[in-house]
Structures are given as structure tokens and as C-alpha cells.
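S.K.: Sequence first, predicted coordinates after that:
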Amino acid sequence: MTDAELAAHLAQTAGRILLEIRDSGLFEGKALGKAGDETANQFLVHALRARRPGDGLLSEESKDTRERLDKERVWIVDPVDGTREYGEGRTDWAVHVALCMNGRPETGAVALPGLGEILRSDDPRPLRDTADPPRMVVSRTRPAPEALSVAERIGADLIAMGSAGAKAMAVVRGEAEIYLHTGGQYEWDSAAPVTVALAHGLHASRIDGSPLRYNQADVYMPDLLICRPEWTDRILSEIAALN
């Protein structure tokens, strides 16, 4: 099984497990989110240890160790990206599985179990026609002020959505043109979405245009831009103008 096939298989299987936990009716709200996070994480960690024992691993739901910093190949996973949305029975949550090599996002998959869909870096789809005015996805609970300002300056329509993976995949799926986030995230929030977005021909970077680097000692990532390539220069210039 190739790395890409493994990433997709793990993301899709974890998604099915999460749906079964939710459909069981045994948990609600925060308890459902906790059960889903812990169970999906156990599956992903055990599967990766079995299939890729020599690789490093970083997961939101596992204690981090510095061992991964010495590895060229590091898997970065988020068992449930959008735990709140998952616990509320919404569809805008995701499962992230990515392989980074020497700090670069190389291979990955993002499952959208609530929509019955998986997007893969090894199976890119043609981008849909862009919309005019552009559409920008933002957090449904905490939209970043910078994103709101840029949206106003370019006349973008705002789409409120849950998880980072769901927002990034909305751009991949042609439901939006821009995902701009400045509220801070962690490596597991964006590694798989960025890998998939790049494979589909989208732009992905920090908001100053610099590359996104993974498997760092500090896993905090302050900001992120994923957008259609035709909007890259305009968005980066508008962000720079805010500072």
C-alpha cells in the first residue's frame, strides 16, 4: 500500500468509525466529541505504528515527543477536526491524515464523513469555475478580523463554516475561492488540508506568502492562506496593506 493509499484508507476508515460512534446514540455533545476523538485517535495511531513503524507521528490527541524531530518522514493527524461540529451532528468536520517529509507536506487525505466524501493528494480533481464575486470561508464562531477586512476590500461573500479541514476542502471542491485564517492553529489543523489543496493546484502559504513548514518543535501556526491561484497576489497584497 502506497503512502497516499494508506492516508486515504486511514482517513476514510476513521470517518466510518466516527459515524458509527455518533449513530450509536450512546453519547451526546461534549461526551460524543471526546469519545470520537479518543477512539479515532487510537485507531490512527495503532494503524500507523503497525504500517509505518519507522516514521514519526504527531497527533492532536496524543502526547507529543521530540522523537519526531529527528525523522525525515512524519505523519501528522487530526482524528476529528471540528470536534464541536461533530458533537453537534453537523457535517462540517473532517479527519486529517498527512505525511510530511523534511518539513514539507507531501501526501495526505481529508475525509468529510458527514458528506460521504474523501479528497486525496494522489487523486486531484479539476477545479470548478470561479465565482464572481469571490466567496471566502470563515469560522462560524470566531471569524478573524483580518479575514473580514480583506473580504470587505475585495467584495467577497462570506461563508461561515466549522472545521479548518471543511473550510479548506470547500475551496478544493469549488464552493469557495478563498480561505484566510489569522486566528492561530496547530500543525494538525492544516497539514492534510494543505497537502490536498496543493495537489489540486491551489495556493497555500502563510499570509506573508512564505511556505508552510511542518514537524517543527513548536507546532503552533499563526496563520494560513489557501486560495485559487488567480486570487493569490490580490489577497497577499490586501493583507500586507492591513499592516
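M.R.: It's in. All of these numbers come straight from a predicted model, not from anything done at the bench.
S.K.: all helices of this protein, in order?
M.R.: Here the chain has its helices, by DSSP state H, at 3-23, 29-51, 83-87, 145-154, 164-172, 187-199, 232-242.
S.K.: Just send these back as TSV, with distance to Asp123 too.
M.R.: Every residue, glycine included, has its C-beta placed from N, CA and C. Listed next are the helices of the chain as TSV, based on distance: least, C-beta to C-beta, whole Å:
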stretch	distance to Asp123
helix 3-23	8
helix 29-51	20
helix 83-87	25
helix 145-154	29
helix 164-172	11
helix 187-199	8
helix 232-242	24
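S.K.: now for the ones you listed, which one comes closest to Pro134?
M.R.: Taking C-beta to C-beta, helix 145-154 is the member of the helices of the chain nearest to Pro134, at 6.5 Å.
S.K.: Can you check what angle separates the closest one from helix 232-242?
M.R.: Orientation of helix 145-154 against helix 232-242 (axes from the mean of the first three to the mean of the last three C-alpha atoms, to 10 degrees) gives an angle of 120 degrees.
S.K.: CA atoms only for helix 145-154 - export them in CSV, please.
M.R.: Provided in CSV are the C-alpha atoms of helix 145-154 (Å, rounded to 0.1, in the frame of the first residue of the first chain):
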residue,chain,number,x,y,z
PRO,A,145,-10.9,40.4,11.9
GLU,A,146,-8.2,40.3,9.1
ALA,A,147,-10.3,38.0,7.0
LEU,A,148,-13.4,40.1,7.4
SER,A,149,-11.4,43.2,6.4
VAL,A,150,-10.0,41.6,3.3
ALA,A,151,-13.4,40.2,2.4
GLU,A,152,-14.8,43.8,2.6
ARG,A,153,-12.0,45.2,0.5
ILE,A,154,-12.4,42.7,-2.3
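S.K.: If we ignore the residues flanking it in sequence, what's nearest the most far-flung residue of the chain relative to its centre?
M.R.: Within the chain, Leu26 marks the point farthest from the mean C-alpha position, 27.7 Å out by C-alpha atoms, centre = their mean. Take Leu26 and drop its neighbours on the chain: the residue closest to it by C-beta to C-beta, 6 or more residues apart in numbering is Ala35, 7.7 Å away.
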